[in-house]
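Engineer: This is the structure alone, sequence omitted:
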């Protein structure tokens, strides 16, 4: 089964959007951690919640990096399946990619809640 040029174009465009989405999730987690670090550096007192939120954002950034790895392995397995050398693992890597995206977004959400609590409790 071969793909038409139109299908190849849509596949390529979808891949570009996936890459940009992964970059965005990485950016929001990293920027949030940096902003909390900046705030702590300019403040004489801080709550433990702010320190914990930095760790949560760092885990979100790590999950974001895992998006790139799992997406690469997904594409590799899809390519191998096209050559009849894959063992059908592409679907598993595909699910792991979704899991990595969801995990990163959840970490961002919990990091924001934790940071908000820490900021609320500042004297």
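Structural biologist: The structure has been received and is ready for your questions. All values reported here derive from a predicted model rather than from experimental measurement. Numbering: from 1, shown residues only.

Engineer: Geometric centre of this structure: which residue is closest?
Structural biologist: residue 64 (2.5 Å; CA atoms, centre = their mean).

Engineer: for the chain, what spans make up the helices?
Structural biologist: 5-41, 48-82, 90-120 (DSSP state H).

Engineer: If you average pLDDT over each of those helices, which is lowest?
Structural biologist: Lowest mean pLDDT within the helices of the chain: helix 5-41, a mean of 83.

Engineer: Which of the residues in that helix are classified as buried?
Structural biologist: 18, 22, 25, 26, 28, 29, 32, 33, 36, 40 (16 or more other CB atoms under 10 Å). Every C-beta, even on glycine, is put in place using the N, C-alpha and C of the backbone.

Engineer: if I pick the residue nearest to the centre of the chain, what's in contact with it?
Structural biologist: 22, 25, 26, 29, 100, 104 (CB atoms under 8 Å, 6 or more residues apart in numbering).

Engineer: 10 Å - rerun?
Structural biologist: 21-30, 100-101, 103-105, 107-108 (CB atoms under 10 Å, 6 or more residues apart in numbering).

Engineer: for residue 21, same thing?
Structural biologist: Applying CB under 10 Å, 6+ apart, the residues contacting residue 21 are 64, 67, 101.

Engineer: Quickly note the distance from the closest residue to the last one other than its chain neighbours to residue 77.
Structural biologist: Counting by CB to CB, 6 or more residues apart in numbering, residue 67 is the residue found nearest to residue 101 once chain neighbours are left out, at 5.7 Å. Remark: distance between residue 67 and residue 77 (CB to CB, to the nearest Å) = 16 Å.
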